[in-house]
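Asker: Predicted model and sequence below, questions to follow.
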Amino acid sequence: MAARRRGKASERVLQAFCRTGCDGLLKAVAAHPHLACRLAVDDHGRRFIHLNNKGVLVMETTISADMAVVLAGDVAAATDHYLVSELYPPCEQEKIGVPVLQVKLNRYKCGGLVVGIISHHQVADGHSMRTFLTKWAMIV
């Protein structure tokens, strides 16, 4: 998801979205508790999803480049060489104890915001993630 606003009010709008977006995320995850779990290993070395209600990892970053430059793929023009692939959290899906749902809020100097999301493939397929994201959007 990407949004872009210009002007002095844009920072207040982004801050409000981050608050309401995170509040909405909490409510959406409550309806999908398997997204608030961790990857674990049992006594026999088999991986499983541990429903421990530890929550979703939410990261926030500020990017000094202009969102239009980064999304256009003009890495040479971007001041911090921020690639589109870096808009979502780093993928450590096979690491034990990693949250199965991770969200990254990317704020741009132009007032834009990109929300990057990854989930473990053994917890959520495309259809279930669409259902979850629709619920989250409806709450926000």
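Answerer: Done, it's in. Residues are numbered from 1 along each chain as shown.
Asker: For the rest of this, base every contact and every neighbour count on C-alpha atoms.
Answerer: OK.
Asker: could you point out which element follows the lowest-mean-pLDDT helix or strand in the chain?
Answerer: Ranking every helix and strand in the chain by mean pLDDT, DSSP states H and E puts strand 2-3 at the bottom, with a mean of 50. Note on strand 2-3: by DSSP states H and E, the next helix or strand toward the C-terminus is helix 9-31.
Asker: Tell me the helices and strands packed up against that following helix.
Answerer: When contacts are defined as 3 or more Cα pairs under 8 Å, 6 or more residues apart in numbering; DSSP states H and E, helix 9-31 sits against helix 126-139.
Asker: For the helix it packs on, which outside residues touch it?
Answerer: With contact meaning Cα atoms under 8 Å, 6 or more residues apart in numbering, helix 126-139 is reached by G24, L25, K27, A28, V29, H32.
Asker: Of those, keep whichever come out buried.
Answerer: Among these, those scoring as buried are G24, L25, A28, V29 (criterion: 16 or more other Cα atoms under 10 Å).
Asker: Kindly reformat the residues you listed as TSV containing pLDDT and distance to I63.
Answerer: Output for those, formatted as TSV (pLDDT from 0 to 100; distance: Cα to Cα, whole Å):
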residue	pLDDT	distance to I63
G24	92	24
L25	92	23
A28	94	27
V29	93	27
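Asker: Thank you kindly, that will do.
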